[in-house]
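Trainee: Prediction below, plus the sequence it came from.
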Amino acid sequence: MQILVTGATGYAGRRVSAALARAGHTVLGLTRTTADDLVADEVTPVQGDLARPDTWRHHLDGTDAVVHLVMDLNDPAGTDRALFAEIADAEKRDGRRRHLVYTTGISSYGRTGVALMDENTPGNPESPIGFRFALEGELAASGLAHTVVRPGFLYGGPATTSLTAQWFAAAEKGTPVFYGDPAKRWSWVHVDDLAEAYVRVLDREPAGEVFVIADDQRMTALDVQRVAVRAAGFTGEIRLEPAEAGGIMQVAADQDELVSSAKAHRLLGWRPRHVSFTDAPQRHHRAWVSGRSRARA
């Protein structure tokens, strides 16, 4: 297949694009600026600003699938709706059916009161990013061939925009902070395990499913952060702050977010190869340090 990946230069986007290319697909990586380093992974960089459809709609020509991996923080709902509309228009132009793999995330659920959430758990519309569930509904009603992927919290590799990267950086500065409820627990997934899930989704037909993708880790988020900061050499205490002090994403995630990926195990044959961030925190820290050094070079 020929696949257009949005957010191809982002944390998850790079790993997903590379995994799809290794699986034999022709991958176009959408990027706002030049990104020749994608070529090393046999991904073809194509320029365009997702918020400006006129700059990238022509990349849909000849495309069999679109993997959407970025959230436009300036207008997340508007940009995603524009993407849906552009794919629909492209299909009208050429009669070619496209498979949209749409990424949201487990923080979209908000406070549900459900101990272990899955694809059938209703999201709380009061969640700060609950609009992503509404967009899933709009996509389902659009008639577009699609699959929804809701990843857990990411770790592994260069980490870049992940929480573990923030924790490593704060630890090196001697200022680690934990935001919100210290008892909350989150489900996690290694970025390469997530990438494998996208490969399996696109190898599977037909579209039309929702998949939660996460490992079986059940530690509190604070305990995971403690492991991370120790791996970065910090031996002091982590300061506790209200979720509001950390911004909207911390507020959105200020609750238990434990999920089951049983459906992905059953229908996709997907299982995480990485058991837990806490199994090899020093290795993950070294990968983050290396990635940061390459980015600065």
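Mentor: On my side now, so go ahead.
Trainee: and the closest residue to residue 98 other than its chain neighbours, how far is that from residue 66?
Mentor: With C-beta to C-beta, 6 or more residues apart in numbering as the criterion, residue 98 has its nearest non-adjacent residue at 5.6 Å, and that residue is residue 87. Where you see a C-beta, it was placed from the backbone N, CA and C, and this is true even at glycine. Using C-beta to C-beta, to the nearest Å, one gets 6 Å for the distance from residue 87 to residue 66.
Trainee: Phi and psi next, for residue 99.
Mentor: phi -100, psi 110 (degrees, to the nearest 10).
Trainee: after the top helix by length along the chain comes which helix or strand?
Mentor: Criterion DSSP state H: the longest helix present in the chain is helix 76-94. The helix or strand immediately downstream of helix 76-94 is strand 99-103, counting by DSSP states H and E.
Trainee: I'd like to check what contacts that following strand. Which residues are they?
Mentor: When contacts are defined by C-beta atoms under 8 Å, 6 or more residues apart in numbering, strand 99-103 is touched by residues 12, 64-69, 80, 83-84, 87, 135-136, 139, 144-151, 198, 201-202, 207.
Trainee: Model confidence for the residue nearest to residue 232 when sequence neighbours are not counted, exactly?
Mentor: The spatial neighbour of residue 232 that comes closest, neighbours along the chain excluded (C-beta to C-beta, 6+ apart), is residue 171 at 3.7 Å. At residue 171, the model reports a pLDDT of 98.
Trainee: Please identify the buried residues of the one helix or strand residue 171 maps to?
Mentor: Using DSSP H and E, residue 171 falls within helix 163-173. Neighbour counts over helix 163-173 (16 or more other C-beta atoms under 10 Å) mark 163-168, 170-171 as buried.
Trainee: and if you look at stretch 272-281?
Mentor: Neighbour-count burial for stretch 272-281, counted by 16+ other C-beta under 10 Å, picks out 272, 274, 276-278, 281.
Trainee: For residue 94, which residues are in contact?
Mentor: Per C-beta under 8 Å, 6+ apart, neighbours of residue 94: residue 61.
Trainee: returning to that earlier point: common neighbours of residue 87 and residue 66, please.
Mentor: Both residue 87 and residue 66 are contacted by 60, 98, 100, under the criterion C-beta under 8 Å, 6+ apart.
Trainee: would you list those residues in TSV and tack on distance to residue 290?
Mentor: What follows is the shared contacts of residue 87 and residue 66, written out as TSV (distance: C-beta to C-beta, whole Å):
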residue	distance to residue 290
60	35
98	36
100	34
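Trainee: of all these, which comes closest to residue 285?
Mentor: Checking those against residue 285 with C-beta to C-beta, the nearest one is residue 100 at 35.5 Å.
Trainee: and the closest one, how far is that from residue 131?
Mentor: To residue 131, residue 100 is 18 Å away according to C-beta to C-beta.
Trainee: So between those two, which is more surrounded?
Mentor: The residue with more neighbours, out of residue 100 and residue 131, is residue 100; 21 against 16, by other C-beta atoms under 10 Å.
Trainee: Not counting sequence-adjacent ones, nearest residue to the more buried one?
Mentor: In space, and not counting its chain neighbours, residue 100 is closest to residue 146: 4.3 Å by C-beta to C-beta, 6+ apart.
Trainee: Also residue 265?
Mentor: Distances taken as C-beta to C-beta, 6+ apart put residue 271 closest to residue 265, at 5.9 Å, once the chain neighbours are dropped.
Trainee: cool, residue 209 as well?
Mentor: Spatially, and ignoring its direct neighbours in sequence, residue 209 is nearest to residue 147 (5.5 Å; C-beta to C-beta, 6+ apart).
Trainee: how close does that neighbour get to residue 2?
Mentor: Taking C-beta to C-beta, one finds residue 147 at 17 Å from residue 2.
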